[in-house]
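A.B. asks: I would like the atomic coordinates for the input below:
(chains A and B)
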Amino acid sequence: AQSVAQPEDQVNVAEGNPLTVKCTYSVSGNPYLFWYVQYPNRGLQFLLKYITGDNLVKGSYGFEAEFNKSQTSFHLKKPSALVSDSALYFCAVRDPMGTNAGKSTFGDGTTLTVKP
Amino acid sequence: DAGVTQSPTHLIKTRGQQVTLRCSPKSGHDTVSWYQQALGQGPQFIFQYYEEEERQRGNFPDRFSGHQYPNYSSELNVNALLLGDSALYLCASSFGLNTGELFFGEGSRLTVL
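C.D. replies: Below is the predicted model:
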């Protein structure tokens, strides 16, 4: 079975400071990993993904994430936070070769609040 | 280029009733997945449709059923509604069964009284 853990329900940072939103995963094979963002009463929007290759992936709005296979982590980062980054962030995993191929499993989300 | 569209956006039903939610995928996409998002939780996978067949299913009872049409649009049907079915239902589309990221609609907010 595949699973995702987002250990922090809430992350608070000051505008201009770096931010990190943590994600760890469990999957039997080589994972596909994703980050999505959700604004209030809206659907999820794709931010970035890791499929293969360079462990550091860059995505929309200046976000990046680092895949660490040994620690089974895929933390979301941004060098300088903006107030407009305040939202709910979801990490998701998919095992492309397993019996659940095609099924994305999501974490419970982390609320990011960036204060001016 | 239209994204994923869902209807209705909001609806209220009473226990025991049936509901149908609709989804049109993003242009060029052929795979539709449905997710249930309860308040304060992450999306939970219901099922995935490709080539008009259910390809994957999550841990949801048979009260939850779906359909995909030749134009790739999809429906989610829930019978015998329970209070616990109250949630945001999200449709997501992609190209192919197991490739890349999902594109989500805005969701259908179902309230069961």
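
A.B. asks: which stretches of chain A have low pLDDT?
C.D. replies: Counting by pLDDT under 70, chain A contains no low-confidence segment.

A.B. asks: spell out which residues of it are next to chain B.
C.D. replies: A:4, A:34, A:36, A:41-46, A:49, A:51, A:90, A:94, A:96, A:100-109 (C-beta under 8 Å from any C-beta of the partner chain). Backbone N, C-alpha and C define where each C-beta goes, glycine included.

A.B. asks: rerun that using 6 Å as the cut-off
C.D. replies: A:34, A:42-44, A:46, A:49, A:90, A:96, A:101-103, A:106-109 (C-beta under 6 Å from any C-beta of the partner chain).

A.B. asks: most surrounded residue in those residues?
C.D. replies: residue A:44 (30 neighbours; other C-beta atoms under 10 Å in any protein chain shown).

A.B. asks: so that one makes contact with residue B:104?
C.D. replies: Yes - contact criterion C-beta atoms under 6 Å: residue A:44 and residue B:104 qualify, at 4.4 Å.

A.B. asks: identify each buried residue in the helix or strand of chain B with the lowest mean pLDDT, please.
C.D. replies: Using mean pLDDT, DSSP states H and E, strand B:53-57 stands out as the lowest-scoring helix or strand of chain B, at a mean of 93. Residues of strand B:53-57 classed as buried under the neighbour-count rule (16 or more other C-beta atoms under 10 Å in any protein chain shown) are B:55-56.

A.B. asks: for stretch B:89-103, same thing?
C.D. replies: Neighbour count says stretch B:89-103 has B:89-94, B:97-98, B:101-103 buried, by 16+ other C-beta under 10 Å.

A.B. asks: do that stretch and chain A meet?
C.D. replies: Yes - using C-beta under 6 Å from any C-beta, stretch B:89-103 reaches chain A at B:90, B:97-98, B:101.

A.B. asks: any idea which of those the model trusts least?
C.D. replies: Least confident of those in the model: residue B:98, at 73.

A.B. asks: show me the contacts for that residue.
C.D. replies: Applying C-beta atoms under 6 Å, 6 or more residues apart in numbering or on different chains to residue B:98 gives the contacts A:96, A:101-102.

A.B. asks: ok so, going back, quickly name whichever of the buried residues of stretch B:89-103 is closest to residue A:18.
C.D. replies: Nearest to residue A:18 among these: residue B:101, at 24.7 Å, using C-beta to C-beta.

A.B. asks: alright, I will stop here.
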